[in-house]
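Student: Here's my sequence, what's the structure:
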Amino acid sequence: MRGRRPRASQARPSPSSCVRRIKPDATLDEEWAPDLSAWTEGRPVHVFRYMRAGKALGTVLHVDEVDIDFTSGYDPDEAALLDEHWRLWLFDLEAQSARPVENIQGIGRGWFWANFEGRTFVFVPNADWSRSTVFELDTDGNATERFQSNGFINDWIRIR
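Tutor: Okay, the predicted model is just below:
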C-alpha cells in the first residue's frame, strides 16, 4: 500500500469516531463523548466494544505504517485492504488511556469476542477467513492464545 494515493473521484473525508455511553437510567450520558484518537496518539479507532471492569477493546489503524492521507480524504476500498495495519487496543475508560494488546498482530477489521464468567475471549480469523485463532484477554490487556479452529468463529453461546 505504501506509495499509493486515493483516487480523487472516490476520496471522501475521514469520519470522526463517535462513542457514547448510556446511563443506568437508560438515558444518553450527554457529558461523555471522548475523542478516542486522543488516547491512541491520533490514530483512528474503528470497532469499539465494552469489555468489563471499565475496559473496552477497539481496532486502531496504525496510519504511521501506511501512506494514506486520512485528513484530506481517502478511498474506502483502499483503506479496507490495510488489514495488517489494524491492531487491537485495550481502552481504560476511567484513566482515559489506551494501549495496544500484546500478542495479537494484524487483527484486520474482523475480530469477534465473547465474555463468559468474567473471562474475555477474542476470535481472530486468518486472511481468507478459513481458520480462527482464539485468544483469552485479561483486564490488563494481556492476550494468551488458547487454540485455533477451522472456519470463522463469530460468536459463542453458553448451552449449559
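Student: What is the end-to-end distance of stretch 104-117?
Tutor: 23 Å (C-alpha to C-alpha, to the nearest Å).
Student: Just the buried residues of it, please?
Tutor: By neighbour count on 16 or more other C-beta atoms under 10 Å, the buried set for stretch 104-117 is Ile104, Ile107, Gly108, Gly110, Trp111, Phe112, Trp113, Ala114. In this view, the C-beta of every residue, glycine as well, is placed from N, C-alpha and C.
Student: before we move on, what about stretch 84-103?
Tutor: For stretch 84-103, by 16+ other C-beta under 10 Å, it's His85, Trp86, Arg87, Leu88, Trp89, Leu90, Phe91, Asp92, Leu93, Ala98, Pro100, Val101.
Student: All the helices of this protein, in order from the start?
Tutor: Here the chain has its helices, by DSSP state H, at 76-80.
Student: looking at it, which helix or strand is least sure?
Tutor: Across the helices and strands of the chain, mean confidence by mean pLDDT, DSSP states H and E is lowest for helix 76-80: a mean of 61.
Student: distance of Ser97 from Ile159?
Tutor: 37 Å (C-beta to C-beta, to the nearest Å).
Student: Could you list the low-pLDDT ranges of this protein?
Tutor: Applying pLDDT under 70 to the chain flags residues 1-17, 68-81, 83, 108-109.
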